[in-house]
Every structure is written in structure tokens, then in C-alpha cells.
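Engineer: build me a model from this:
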Amino acid sequence: MMGEVDRAEIAVETNKAGKTIINGVEVEDFNLFADTPHPSLPGVTVVTGIRYRPADYPERYETAWCYFSVWKNGTEIKFDLGNKAPGEPPRPRASTSSARNAAGIAISDHQAGITACQWPTP
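Structural biologist: Modelled structure (predicted):
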């Protein structure tokens with residue numbers, strides 16, 4: 001089941017030089033992030049990022065990605081859960097057994113993370 005990222009409050013302006021200003025900052029593109037607790041790993045957060053061009057927000061995004069991180073012995077182990085392009089289904093990413101073993105998680109934890117990604121639609 002895919003979730004949908006809520007629309008953020010974004011103030012889009014154009015300055016006299018024709019540059020786009022988002023919430024007071026000049027940008028060419030910007031990212032929005034949504035997070036949710038991991039379904040099977042207490043204290044772990046699944047993060048979905050979405051890149052937009054100001055002229056296309058909120059109707060069309062450029063790309064989206066999803067990940068979570070686990071800390072073990074002072075080291076961050078990041079799991080890339082997949083990505084999504086506009087008009088395409090999400091493309092989940094597999095994890096390696098060595099990364100899972102290092103983080104102390106099961107393949108089912110990786111799969112549960114994928115189900116928590118909050119992909120934009122369409």
C-alpha cells in the first residue's frame with residue numbers, strides 16, 4: 001500500500017530578476033521530505049524525499065526516493081529502499097545480506113521499510 005505525501009505550505013514568488021523564491025530562498029529546484037516510523041524497527045524512521053521544480057509544484061515532481069538508516073556501534077548503515085519517477089511505479093531496491101547482517105536486521109525489516117515509503121502520485 002502506498003501512502004501519499006501531504007502538500008506542504010510553500011510560498012512561491014518570482015523576484016525582479018526572474019528567479020524563483022521559495023519561502024524566501026532563491027532556488028532552481030527544491031526537495032520535500034516526509035517521514036514515518038518504520039513498521040518493524042523501533043526508533044527507526046523511513047524517509048521519503050521528493051524533488052520539485054518550482055514551476056511544476058505541486059502537480060509534477062522530478063524524482064522521489066526512500067530510505068532508512070540504522071545505527072550500529074556508532075556507524076550509520078543506510079538502506080536505499082527505492083525510487084520513483086513521475087508516471088511510473090516505484091522501483092524497490094534490494095538490500096545485501098552483508099548490510100543487513102551488519103545492521104542486525106532481517107530481510108523482512110527491509111521489506112517492511114519499502115511498504116512504509118510515502119510515494120507521490122501519480
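
Engineer: what about residue 48, which helix or strand?
Structural biologist: Residue 48 is part of strand 45-52 when elements are defined by DSSP states H and E.

Engineer: model confidence over that strand, on average?
Structural biologist: Averaged over strand 45-52, pLDDT sits at 96.

Engineer: dump the C-alpha coordinates for the helix or strand following it into PDB.
Structural biologist: Following strand 45-52 in sequence order, the next helix or strand is strand 63-72 (DSSP H and E). The C-alpha coordinates for strand 63-72 follow below in PDB (Å, rounded to 0.1, in the frame of the first residue of the first chain):
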ATOM      1  CA  THR A  63      12.000  12.300  -8.800                       C
ATOM      2  CA  ALA A  64      11.400  10.600  -5.500                       C
ATOM      3  CA  TRP A  65      13.500   8.300  -3.300                       C
ATOM      4  CA  CYS A  66      13.100   6.500   0.000                       C
ATOM      5  CA  TYR A  67      15.500   5.200   2.700                       C
ATOM      6  CA  PHE A  68      16.000   4.400   6.300                       C
ATOM      7  CA  SER A  69      19.100   4.200   8.500                       C
ATOM      8  CA  VAL A  70      20.200   2.000  11.400                       C
ATOM      9  CA  TRP A  71      23.000   3.000  13.800                       C
ATOM     10  CA  LYS A  72      25.200   0.100  15.000                       C
END
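
Engineer: assumed residue 112 was part of a helix.
Structural biologist: Yes. Assessed by DSSP: H, G, I helix; E, B strand; the rest coil, residue 112 belongs to a helix.

Engineer: before we move on, the earlier item: the strand holding residue 48: partners in the sheet, and parallel or antiparallel?
Structural biologist: strand 30-37 (antiparallel), strand 63-72 (antiparallel) (DSSP bridges).
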